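Visitor: how does the following fold in three dimensions:
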Amino acid sequence: MKVPKPGNKIPELAPLRTARRVIGRIVSPVRKPPGSAPGTLVHTGPRKVESVTVQRLTYGPDHLREDAGTEIEPLLPEPEPGTVCWINVDGLHDPSVLEQVGARYGFHRLVLEDVLSTHQRPKVEEHRDYFFVVLKMLSYDEPTRTVSAEQVSLIVADGLLFSFQERPGDVLEPVRERLRHAKGRIRGGGSDYLAYALIDAIVDAYFAVLEKVGDHIEELEEQAVDDGSTETMHAIHQFRREILVLRRAVWPLRDALGPMYRGDIEQIGEETRVFLRDVHDHAVLVIENVESMRELLAAAMDLHLSGISNRMNEVMKVLTMIATIFIPLSFFAGVYGMNFEHMPELALPWAYPALLTLMAGIAVGMLAYFKRKRWF
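Guide: Got it, this is the predicted structure:
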């Protein structure tokens with residue numbers, strides 16, 4: 001048995017390592033200490049930035065002001081009638097930021113705890129003066145063909161919206177551009193309409209991820225038929241795991257959006273509910289696409305296994321025909337390979353070519369019979 005050298009990767013363990021990476025994206029490896037009091041602010045996800053950055057946009061129908069910094073306290077606004085303030089925080093590894101926000105505006109500590117727990121499922125919670133939204137922002141890495149899910153938390157109050165992200169870089173830049181250039185009705189809407197715009201941008205980005213994943217799944221379908229290598233099977237398994245990450249991020253969103261457009265949350269106005277209903281339809285469409293991709297991957301796996309089985313059957317058929325042809329030939333070779341003293345035909349001068357002719361005739365005759373039966 002050949003023992004691998006230290007540091008060498010064992011090919012058989014590649015699927016196991018991939019599964020661990022996917023499990024790490026679904027289940028947080030960092031948890032609060034058992035028995036911690038409810039509302040204990042502990043960041044349970046990986047640290048993805050060196051320092052926290054804060055961006056504030058304060059706007060109204062005829063004005064917009066942008067501020068940024070690394071400290072949250074100077075950017076916490078005082079309520080101003082007729083204005084909406086959007087504060088975006090990138091980086092969740094510093095619980096003191098949430099401590100300051102909670103102490104200033106009276107947000108429940110369980111809400112702040114959920115912001116720091118980055119493996120929450122998408123949900124919506126209503127509180128007395130605000131509502132809380134958790135959803136997943138998806139991105140796709142072309143080189144590694146992996147789906148990344150980043151938690152985005154929204155706390156929406158009257159004229160105030162906090163968004164918390166794990167790292168800089170998001171799909172919300174179109175919303176910022178609409179605010180800067182006063183496009184559409186976003187400047188005239190309240191914080192509930194801003195929350196709708198952010199949710200809509202995140203859900204619309206799902207379609208771009210699905211499109212890229214779908215292109216690779218189509219390639220896998222073609223490979224599943226033509227290629228019987230183990231790499232194809234590993235690629236199919238990898239995409240099935242990526243679809244699991246997609247499904248976990250998208251599936252609960254449909255139920256989370258229900259109370260928002262049905263009017264169960266008082267902080268959301270009637271006009272905004274109409275737009276949220278459209279986002280709900282988009283979420284349902286995304287879920288249907290994800291389920292279709294799961295079925296396509298299952299079909300691709302079946303095709304791949306069927307192709308391997310068919311190729312194996314072809315090989316076995318050829319080997320069986322060869323063995324069948326050589327059975328009578330082996331019989332003649334065995335008979336005349338016996339060491340009997342009295343075998344009269346051995347003395348005949350034409351016996352050897354006659355035997356070879358007979359054996360060749362048997363082989364040709366059996367091949368003709370197989371051809372007639374369409375066995376090859």
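Visitor: would you mind measuring from residue 70 to residue 91?
Guide: 9 Å (C-beta to C-beta, to the nearest Å). Every C-beta, even on glycine, is put in place using the N, C-alpha and C of the backbone.
Visitor: okay, and the common contacts of these two?
Guide: Taking C-beta atoms under 8 Å, 6 or more residues apart in numbering as the criterion, residue 70 and residue 91 both touch 51-53.
Visitor: quick one: distance of stretch 131-148 to the chain centre.
Guide: Distance of stretch 131-148 from the chain centroid (C-alpha atoms, centre = their mean, to the nearest Å) equals 8 Å.
Visitor: alpha carbons only: can I get it in CSV?
Guide: Only the C-alpha atoms of stretch 131-148 are listed here, as CSV (Å, rounded to 0.1, in the frame of the first residue of the first chain):
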residue,chain,number,x,y,z
PHE,A,131,-39.6,46.3,12.5
PHE,A,132,-36.7,44.0,12.0
VAL,A,133,-35.7,42.2,8.7
VAL,A,134,-33.1,39.5,8.2
LEU,A,135,-32.3,38.3,4.6
LYS,A,136,-29.4,36.9,2.7
MET,A,137,-27.4,38.7,0.0
LEU,A,138,-26.0,36.2,-2.5
SER,A,139,-22.9,36.4,-4.7
TYR,A,140,-21.3,33.9,-7.1
ASP,A,141,-17.6,33.3,-7.5
GLU,A,142,-16.8,32.2,-11.1
PRO,A,143,-13.3,30.7,-10.5
THR,A,144,-14.4,28.4,-7.6
ARG,A,145,-18.1,28.1,-8.8
THR,A,146,-19.4,28.7,-5.3
VAL,A,147,-22.3,30.6,-3.9
SER,A,148,-21.7,32.9,-1.0
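Visitor: in it, what's buried?
Guide: For stretch 131-148, burial by neighbour count (16 or more other C-beta atoms under 10 Å) applies to 131-140, 146-148.
Visitor: next: stretch 322-331.
Guide: Quick answer for stretch 322-331 (16+ other C-beta under 10 Å): residue 325.
Visitor: picking that back up, now render the buried residues of stretch 131-148 as TSV, adding pLDDT, secondary structure and distance to residue 344.
Guide: Listed next are the buried residues of stretch 131-148 as TSV, based on pLDDT from 0 to 100; DSSP: H, G, I helix; E, B strand; the rest coil; distance: C-beta to C-beta, whole Å:
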residue	pLDDT	secondary structure	distance to residue 344
131	94	strand	106
132	94	strand	103
133	94	strand	100
134	94	strand	96
135	92	strand	94
136	92	strand	90
137	92	strand	92
138	90	strand	87
139	89	strand	87
140	87	strand	82
146	85	strand	78
147	86	strand	81
148	86	strand	85
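Visitor: select, from those, the two members most distant in space.
Guide: For the buried residues of stretch 131-148, the farthest-apart pair by C-beta to C-beta is 131 and 146; their separation is 32.3 Å.
Visitor: quick revisit: now a ChimeraX select for only the buried ones of the shared contacts of residue 70 and residue 91.
Guide: In ChimeraX, this line selects whichever of those come out buried by 16+ other C-beta under 10 Å:
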select :52,53
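Visitor: ok, back up a step: go through the buried residues of stretch 131-148 and say which is closest to residue 177.
Guide: Once C-beta to C-beta is applied, the member of these that ends up nearest residue 177 is residue 137, at 17.5 Å.
Visitor: and that closest one, how far is that from residue 361?
Guide: Using C-beta to C-beta, residue 137 is found at 75 Å from residue 361.
Visitor: also residue 293?
Guide: Plainly put, residue 293 is 58 Å away from residue 361 if you go by C-beta to C-beta.
Visitor: what does residue 177 give?
Guide: From residue 177 across to residue 361, the span is 85 Å (C-beta to C-beta).
Visitor: can you check residue 331 too?
Guide: 14 Å.
Visitor: tally of neighbours for the residue nearest to residue 79 when sequence neighbours are not counted?
Guide: What sits nearest to residue 79 in space, not counting adjacent residues and going by C-beta to C-beta, 6 or more residues apart in numbering, is residue 159, at 6.2 Å. Residue 159: 18 surrounding residues under other C-beta atoms under 10 Å.
Visitor: next one: residue 124
Guide: So residue 124, with other C-beta under 10 Å, has 22 neighbours.
Visitor: need the helices for the stretch 251-376 of the chain, in chain order.
Guide: For the stretch 251-376 of the chain, helices defined by DSSP state H, counting those that start in this stretch occupy the ranges 270-335, 351-372.
Visitor: now the first one: mean pLDDT?
Guide: The predicted model gives helix 270-335 an average pLDDT of 87.
Visitor: which segments of this protein make up each domain?
Guide: Domain assignment for the chain by automatic domain parsing gives 39-306, 310-372.
Visitor: go through the ones you listed and pick out the most buried.
Guide: Compared across the domains of the chain, domain 39-306 shows the largest average neighbour count, a mean of 17 (mean count of other C-beta atoms under 10 Å).
Visitor: what sits against the residue most central in space within the chain?
Guide: Geometric centre of the chain, nearest residue: residue 242, 2.6 Å, by C-alpha atoms, centre = their mean. Counting by C-beta under 8 Å, 6+ apart, residue 242 touches 22, 145-147, 213.
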